[in-house]
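my questions concern the predicted model and sequence given below.
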Amino acid sequence: MKIMNCPLNGPRNISEFTYGGEFKVMPDPATCSDAEWADYVFNSDNAAGVVREWWLHNASSYWFLAERHTVTDQIIRTFDPKEVFSQRVEFAPHAQEIAG
Amino acid sequence: MPFNLLKYGLSSEYPVEVDLPPPTELKPSYDVVIIGGGGHGLAIAYYLSKYHGITNVAVLEKSYLGGGNTARNTAVIRSNYLTSEGVRFYAESVKMFQNLSNEFDFNIMYSERGQLTLAHTDATVRAFRQRAEVNKHFGGRTEMIDRQQIRELVPSLNLDPGHLPVLAGLWHIDGATARHDAVAWGYAKQAAKRGVEIHQLTEVQDLVIENGRITAVKTNRGTVKCGCAVQAIAGASSLMLAKAGIRAPIHTYPLQAMVTQPFKPFLDPLVSSSALHCYVQQTSRGEIVFGGGSDPYPLYNTRSTLDLKESLLAHAIEMFPFMANAKLMRQWAGITDMTPDYSPIMGLSPVQNYYLDAGWGTWGFKSTPICGKTMAELVASGGKVPELIKPFALDRFSTFQQVNEMGATAASH
Ligand SMILES: Cc1cc2nc3c(=O)[nH]c(=O)nc-3n(C[C@H](O)[C@H](O)[C@H](O)COP(=O)(O)OP(=O)(O)OC[C@H]3O[C@@H](n4cnc5c(N)ncnc54)[C@H](O)[C@@H]3O)c2cc1C
């Protein structure tokens, strides 16, 4: 079994993890064009080489980032998203209570 | 007799048949350059030469003919898809397959055995009803069958695997197989006869694009000018798209399959279960071929993994318990370019005369004839997209008009 190092839980079998897609920078949904949004949602570099990607440790619901070589399958490093995100990302304005 | 045979064999009357002409130098320029000599690239070349009289064509293959996914797939041919766009397209392909041996004068071992897909939940039964109706409406032959009919069709099948009893089946009478590399060779031979040049060991390394048009391709054997180009390189689509500056929703995953020692014939139809992530069929040589879902995360690598083999075998044995004693002969994988809606990307690209035949994921063998024919029409007309492939345009992702075939594609290829 292949081992992946979870930044929170340490080395675990790869079957405990779910791949979450390439790491991409999200355009601002409020100001970007439809084409930019579609590009963000669907398109990917799908490069053959070292790629930065999201992974989930299933048992602890912990999302983290990994750098992995997509040809050799070597996992170069895994790390906490805090390294990339210094602030909480708000995806939508806070829901407002609707009376009645 | 042996003496006569020897005499005939050595005489000049003996009809020596050359499959492909010997390799030649690359010409400096072609009307059409096709990148990739798999079934698809060769089929496009064949139909260009046959229906459109376009023969100044080069098929450039970095390795050997049909050595990519064309010779790695499990050869399932079917049209029981879910959407009208999908069914129409694949049903046309199934019809073309039925006549290919005659057309090539070369046996592709097309074998119509029917495909049985198992439903283990009520939700799947409902989805199958819809698929059966859509399929019938658009020219396929598919019906729902019950447990008793399944028992009669496949007596060796375990109808109560683990926690997933079989409730019903989708019986696709048109389901078939064919010898996959023979399909590639049939197309190659017939295209070459009409003057198409097929260059093996010729890798396209870069594209020359000027003012939004492709003018040449750079290969390991020099630069070749072209009137237009088609890319048909299955598992490497994104890498070439990047050179053309085109972004696409493709993720590349390995898909694994395996085959056992031969057995006496016991299984006529192709049997698949997406709940068990497994499909099983017996070849005409008696071997049992298994396949399942893709690997769990993207990779450009055809290594085998023990966990996938184990889970695939466990499910195959649940379906056919006697196989627990079978010996595995071979295991392999191919690299497949998956799209989010499990449908191909065919047609125009942002580069004016650069045409796409990509995103074939795990389901592209069955489409080889119709893809070749429609792509040839597109190329010959200088970019007029045939109706049948309009729904599969790359720009469907920016107009949010996907053709969702996920439910009808996973694990039955
Ligand atoms: C295990 C497995 C099982 C499958 N089962 C089925 C099935 O049962 N039914 C079904 O319909 N489909 C199935 N598929 C999918 C099917 O095999 C593919 O979709 C189909 O073969 C694609 O055909 P192609 O001609 O486009 O690609 P390929 O046969 O892969 O041909 C592409 C060619 O391009 C060449 N190439 C790549 N890069 C370059 C370059 N830069 N320059 C020149 N040449 C290049 C490659 O060497 C290759 O020969 C399966 C796939 C796999 C891996």
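Looks like it arrived, so ask away.

in chain B, which spans are helices?
For chain B, helices defined by DSSP state H occupy the ranges B:2-10, B:39-51, B:84-104, B:122-137, B:147-153, B:180-193, B:237-243, B:306-319, B:368-380, B:406-409.

of all those, which one is nearest residue A:23?
helix B:237-243 (16.4 Å; C-beta to C-beta). C-beta coordinates here come from the backbone N, C-alpha and C atoms, glycine included.

buried residues in the closest one?
Using 16 or more other C-beta atoms under 10 Å in any protein chain shown as the test for burial, helix B:237-243 gives B:237, B:238, B:240, B:241, B:243.

assess the claim that the third one and residue B:62 are in contact.
If I follow you right, that is residue B:240. No. Using C-beta atoms under 8 Å, residue B:240 makes no contact with residue B:62, being 10.9 Å away.

joint contacts of those two?
Shared contacts of residue B:240 and residue B:62, defined by C-beta atoms under 8 Å, 6 or more residues apart in numbering or on different chains, comprise residue B:204.

measure the nearest residue to residue A:47 once chain neighbours are set aside to residue A:56 for me?
Computed as C-beta to C-beta, 6 or more residues apart in numbering or on different chains, the closest residue to residue A:47 that is not its neighbour in sequence is residue A:70, at 6.7 Å. When C-beta to C-beta, to the nearest Å is the yardstick, residue A:70 and residue A:56 sit 18 Å from each other.

rewinding a little: dump the residue contacts of the residue nearest to residue A:47.
If you count contacts by C-beta under 8 Å, 6+ apart, residue A:70 has them with A:47, A:48, A:49, A:50, A:51, B:252, B:298, B:299, B:300, B:301.

quick one: those as a markdown table, columns for pLDDT, neighbour count and distance to residue B:330 too.
Output for the contacts of residue A:70, formatted as a markdown table (pLDDT from 0 to 100; neighbours: other C-beta atoms under 10 Å in any protein chain shown; distance: C-beta to C-beta, whole Å):
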| residue | pLDDT | neighbour count | distance to residue B:330 |
| --- | --- | --- | --- |
| A:47 | 97 | 16 | 31 |
| A:48 | 98 | 19 | 26 |
| A:49 | 98 | 11 | 30 |
| A:50 | 98 | 14 | 32 |
| A:51 | 98 | 18 | 30 |
| B:252 | 98 | 25 | 23 |
| B:298 | 97 | 26 | 24 |
| B:299 | 97 | 22 | 20 |
| B:300 | 98 | 21 | 21 |
| B:301 | 95 | 16 | 18 |
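
tell me where chain A is predicted with low confidence.
For chain A, residues meeting the criterion pLDDT under 70 lie at A:91-96, A:99-100.

which stretches in chain A count as helices?
All helices of chain A, identified by DSSP H, fall at A:34-42.

what residues are up against the residue of it found nearest the ligand?
In chain A, the residue found nearest to the ligand is residue A:48; the distance is 11.2 Å by C-beta to the nearest ligand atom. Residue A:48 makes contact with A:70, A:71, B:239, B:252, B:300, according to C-beta under 8 Å, 6+ apart.

I'd guessed the last one sits against residue B:235; true?
Going back to what we said before, that points to residue B:300. Yes. Checked against C-beta under 8 Å, the pair residue B:300 and residue B:235 is within contact range at 7.4 Å.

what do those two both touch?
Taking C-beta under 8 Å, 6+ apart as the criterion, residue B:300 and residue B:235 both touch B:252, B:335.

residues contacting residue B:403?
When contacts are counted by C-beta under 8 Å, 6+ apart, residue B:403 touches B:83, B:85, B:86, B:341, B:343, B:391, B:392, B:396.

if we go to 10 Å?
Taking C-beta atoms under 10 Å, 6 or more residues apart in numbering or on different chains as the definition of contact, the neighbours of residue B:403 are B:81-86, B:89, B:339, B:341-344, B:391-393, B:396.

same thing with residue B:198?
When contacts are counted by C-beta under 10 Å, 6+ apart, residue B:198 touches B:20-21, B:23-24, B:34, B:37, B:41-42, B:45, B:57-61, B:65, B:187-189, B:191-192.

ok, and which of those residues reach the ligand?
Near the ligand, taking C-beta under 6 Å from any ligand atom as the test, the members of those found are B:37, B:41, B:60, B:61.

can you narrow the residues you listed to ones near chain A?
For chain A, no contacts are drawn from these by C-beta under 10 Å from any C-beta of the partner chain.

let's have those residues in CSV, adding pLDDT.
Written out in CSV, the entries for those read as follows (pLDDT from 0 to 100):
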residue, pLDDT
B:37, 98
B:41, 98
B:60, 98
B:61, 98
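
now that we have those residues, which one has the most neighbours?
Each of these was scored by neighbour count (other C-beta atoms under 10 Å in any protein chain shown); the top score is that of residue B:41, with 33 neighbours.

how about the nearest residue to it, chain neighbours excluded?
Nearest-residue entry for residue B:41: residue B:232, 4.0 Å, with adjacent residues in sequence omitted and distances by C-beta to C-beta, 6+ apart.

and the one you found, how many neighbours does it have?
The number of residues packed near residue B:232 is 30, by other C-beta under 10 Å.

which ones are touching it?
Taking C-beta under 10 Å, 6+ apart as the contact definition, residue B:232 lies against B:34-45, B:59, B:68, B:240, B:346, B:355-358, B:360, B:364, B:371-372, B:375.

now, of the contacts of residue B:198, which are buried?
B:34, B:37, B:41-42, B:45, B:57-61, B:65, B:187-189, B:191-192.

next, count neighbours for residue 29.
Picking chain A for this. Burial of residue A:29 is recorded as 11 neighbouring residues (other C-beta under 10 Å).

my question was about chain B, not that one.
Residue B:29 has 15 neighbouring residues, counting by other C-beta under 10 Å.

apart from its neighbours in sequence, what residue is nearest it?
Residue nearest to residue B:29 in three dimensions, not counting chain neighbours: residue B:225, with 3.8 Å by C-beta to C-beta, 6+ apart.

try residue B:309
Ranked by C-beta to C-beta, 6+ apart and with sequence neighbours excluded, the top spatial neighbour of residue B:309 is residue B:331, at 6.3 Å.

go ahead and confirm the one you found touches residue B:304.
Yes. Between residue B:331 and residue B:304 a contact is recorded at 5.0 Å, counting by C-beta atoms under 10 Å.

neighbour count winner among these two?
residue B:331 (15 against 12).

roughly how far does the more buried one sit from residue B:260?
Per C-beta to C-beta, residue B:331 is found 10 Å from residue B:260.

common neighbours of those two, please.
Contact criterion C-beta under 10 Å, 6+ apart; residues bridging residue B:331 and residue B:260 by contacting each: residue B:290.

contact partners for the closest residue to residue B:122 other than its chain neighbours?
Of all residues beyond its chain neighbours, the one nearest residue B:122 is residue B:167 (7.1 Å), with distances taken as C-beta to C-beta, 6+ apart. For residue B:167, the contacting residues are B:118, B:119, B:120, B:121, B:122, B:124, B:125, B:128, B:146, B:147, B:150, B:159, by C-beta under 10 Å, 6+ apart.

out of those, which comes closest to the ligand?
Where the contacts of residue B:167 are concerned, and distances follow C-beta to the nearest ligand atom, the ligand has its nearest neighbour in residue B:118, at 16.8 Å.

what parts of the stretch 301-413 of chain B come near chain A?
Residues of the stretch 301-413 of chain B that fall close to chain A, judged by C-beta under 10 Å from any C-beta: B:301, B:303, B:305-307, B:311, B:335, B:337-341, B:394-400, B:402.
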